[in-house]
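Asks: Need coordinates for the following:
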Amino acid sequence: WLPFETDTHTPSANHVTSFWTSFYRVISRANEVIEKVTEIPGDGIGEESRLRISAEAAFLRAYAYHDLVALYGNVPLYKAAKGAFDSPEAATPKAAVIAFFVSDLETNVIPNLPLAEEIPSSERGRIAKGAAQALLGKFLLLDGNWEAAAAAFWDIIASESYELYPDYAELFTQAGEFSSESLFEINFVGSALDQGESFSTQVDTNLATVVPSVFWLPIRDLVDSYLAIDGKPIRTHELYGSASPLYANNRPFENRDPRLRANLYTSADITPGGKQVWRFNNNNNFAVKKYSTITSQQYENGGPQNYYVIRYADVLLLYAEAQNEALASPDQSVYQAVNAVRDRVGMPHLPEGLNRDDMRQYIRDERRWEFAFEHQRYFDLKRWGILGPVSVAAMPEKKAYSEPRIFNWPYPLTEIDRNPALRAQGQNDGY
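Replies: Here you go, the predicted structure:
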């Protein structure tokens, strides 16, 4: 990720190509399913099952396109399966891509998916109506349609199909899988060939402690941003007020928002036997704890931890974001949504009487603390249009950005080479 952090990424960058390829692989397979399921004879599949399978495939296609337009802007839109010798498409404007999937989700996907409580345990992992409603809301947010986005998220809240898992730290272990908080998660099986995952960490404290990976380091700015348990900052802050009397420099990780210690390993993390979990040094002060376990068991073919793509806390905070932007000032439903997330970890409620601008910052900070290391922050900052300034402010000695490059990734060079229509339109601005 270094080229992205230093504003030196090019159309040949590995992530530029791999993300594009992976998303379009999902889209291609989804279009194949949508096409082929209609060809199954009526005596081989019921109409309800046919529509459900088609809706599940359309959901996955829509999710891939959500991230594509968030990263690249205008992208080729494939509504049907393409043959190996069919000509590739030119890029469709971002607004038109969003409009297509808003319509598709409302018309073809959401009506044909079951509620979460209607899915039996034997079918865990299949797409529920709430996941599609949340994705609809995410598309509407990308489009700045605040009122419609708030309505989409409110439909999920009002359904009462979901609730927050009571233990935030435990949620990111196997014990928290397929909980009432999960709208959409990807299922993995440990030590099963091609069915395991590589994002979780198994820390074996029977071995010599190791220095955390330099490629996956929490930054000091994140650590210092977590409030004390009284809701005050560790240093005087323009929005959050004077520094908390509960904070002590010699015990910096005590009396803090519990999500700090749930999300990060610090020098205070030791095993019951007194062993340090990680070997920190001056350059490596923290490590990622979320999705990790302290165990001597290692997995030869990948770990067993499921990955959460959409969870109910996301729905609550996205509802609060959309509703706050839709109104002149936040109503009680905005407070209730944010406070529900805070209640789970025992943090104080928001102060009353916030104006829309201050509430906006409270919600943005809450998302940062709640979704640390869940690959949400980059998309949030990009959606808010503040990715460059916030990144540089957090690490001015390492980060850089320029406009218009910060707004969109470049199209992969390989795609430009193989797609004459896209090549004729030209590369994204700045590349």
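Asks: what residues are up against the closest residue to T6 other than its chain neighbours?
Replies: Closest residue to T6 apart from its sequence neighbours, by CB to CB, 6 or more residues apart in numbering: A400 at 5.2 Å. From N, CA and C alone the C-beta is placed, and that goes for glycine too. Remark: with contacts taken as CB atoms under 8 Å, 6 or more residues apart in numbering, A400 is in contact with E5, T6, D7, V392.
Asks: do that again at 10 Å, thanks
Replies: E5, T6, D7, T8, G388, S391, V392, I406 (CB atoms under 10 Å, 6 or more residues apart in numbering).
Asks: Please apply the same query to S182.
Replies: Counting by CB under 10 Å, 6+ apart, S182 has contacts 116, 124-125, 128, 130-131, 162, 165, 171, 176, 306, 308-312.
Asks: okay, and for the stretch 1-150 of the chain, where does confidence drop off?
Replies: Within the stretch 1-150 of the chain, no range satisfies pLDDT under 70.
Asks: picking up where we left off before, mind checking which of the contacts of S182 are buried?
Replies: With neighbours counted by 16 or more other CB atoms under 10 Å, the contacts of S182 contain buried members at 116, 128, 130-131, 162, 165, 171, 176, 306, 308-312.
Asks: among the residues you listed, which are in strands?
Replies: Judged by DSSP state E, strands contain the following of the buried ones among the contacts of S182: Y308, V309, I310, R311.
Asks: follow-up on the earlier one: any chance of the buried ones among the contacts of S182 in a markdown table, plus distance to S49?
Replies: Shown next, in a markdown table, are those (distance: CB to CB, whole Å):
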| residue | distance to S49 |
| --- | --- |
| A116 | 18 |
| A128 | 15 |
| G130 | 20 |
| A131 | 18 |
| Y162 | 25 |
| Y165 | 31 |
| L171 | 32 |
| G176 | 30 |
| N306 | 25 |
| Y308 | 27 |
| V309 | 24 |
| I310 | 24 |
| R311 | 27 |
| Y312 | 27 |
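Asks: Of these, just say which sits nearest to W1.
Replies: V309 (20.4 Å; CB to CB).
Asks: what's near enough to touch the closest one?
Replies: Contacts for V309 (CB under 10 Å, 6+ apart) come out as Y63, A131, A134, L135, S182, L183, F184, E185, I186, E374, H375.
Asks: what do you get for K79?
Replies: I27, N31, I34, R61, E89, T92, F100, D104.
Asks: Which stretches in the stretch 51-200 of the chain count as strands?
Replies: For the stretch 51-200 of the chain, strands defined by DSSP state E, counting those that start in this stretch occupy the ranges 75-76, 91-92, 182-186.
Asks: what's the helix or strand containing D314 packed up against?
Replies: Using DSSP states H and E, D314 falls within helix 312-326. Judged by 3 or more CB pairs under 10 Å, 6 or more residues apart in numbering; DSSP states H and E, helix 312-326 is in contact with helix 129-142, helix 146-159, strand 182-186, helix 332-344, helix 356-370, helix 377-384.
Asks: mind putting these in CSV, distance to S22 included?
Replies: Formatted as CSV, the helices and strands packed on helix 312-326 follow (distance: least, CB to CB, whole Å):
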stretch, distance to S22
helix 129-142, 18
helix 146-159, 26
strand 182-186, 13
helix 332-344, 30
helix 356-370, 25
helix 377-384, 16
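Asks: closest one to L71 among those?
Replies: So among those, helix 377-384 is nearest, using CB to CB, at 7.8 Å.
Asks: Show me which parts of the closest one are buried, residue by residue.
Replies: R377, F379, D380, L381, K382.
Asks: now the helix or strand following it: how far from the chain's centre is it?
Replies: Per DSSP H and E, the first helix or strand lying C-terminal to helix 377-384 is helix 387-394. Centroid displacement of helix 387-394 relative to its chain, using CA atoms, centre = their mean, to the nearest Å, is 19 Å.
Asks: Check the model's average confidence along helix 387-394 for me.
Replies: In this model, helix 387-394 carries a mean pLDDT of 95.
Asks: What residues of the next helix or strand after that helix count as buried?
Replies: Of the helices and strands lying after helix 387-394 in sequence (DSSP H and E), the nearest is helix 413-418. For helix 413-418, the buried set under the neighbour-count rule, 16+ other CB under 10 Å, comprises L413, E415, I416.
Asks: Stretch 9-25 now?
Replies: By neighbour count on 16+ other CB under 10 Å, the buried set for stretch 9-25 is H9, P11, A13, V16, T17, F19, W20, F23, Y24.
Asks: Out of the buried ones among the contacts of S182, which is nearest to R52?
Replies: Of those, the one sitting nearest to R52 (CB to CB) turns out to be A128, at 10.6 Å.
Asks: Not counting its neighbours along the chain, what's nearest the closest one?
Replies: A116 (4.2 Å).
Asks: was I right about the one you found contacting S161?
Replies: Yes. The criterion here is CB atoms under 10 Å, and A116 meets it with S161 at 4.6 Å.
Asks: shared neighbours of the two, anything?
Replies: A128, K129, G130, S180, L183.
Asks: re earlier: are any of the contacts of A400 buried, and if so which?
Replies: D7, G388, S391, V392, I406.
Asks: And the nearest residue to the second one once chain neighbours are set aside, how close does it get to S18?
Replies: Among residues not flanking G388 along the chain, Y401 sits closest, at 3.3 Å (CB to CB, 6+ apart). For Y401, the distance to S18 under the criterion CB to CB, to the nearest Å works out to 22 Å.
Asks: nearest to A151, of the buried residues of stretch 9-25?
Replies: F23 (27.5 Å).
Asks: check which helix or strand covers the closest one.
Replies: F23 belongs to helix 14-37 when assigned by DSSP H and E.
Asks: by contact count, what packs against that helix?
Replies: By 3+ CB pairs under 10 Å, 6+ apart, helix 14-37 packs against helix 2-5, helix 47-72, strand 75-76, helix 413-418.
Asks: what about A84, how many neighbours?
Replies: 4 (other CB atoms under 10 Å).
Asks: ok so, going back, if you compare the strands of the stretch 51-200 of the chain, which one is most tucked away?
Replies: strand 75-76 (a mean of 23; mean count of other CB atoms under 10 Å).
Asks: circling back to that earlier point, check the gap between the residue nearest to G388 and W20 for me.
Replies: From Y401 to W20 the distance is 21 Å (CB to CB).
Asks: And N74, by the same measure?
Replies: For N74, the distance to W20 - CB to CB - is 13 Å.
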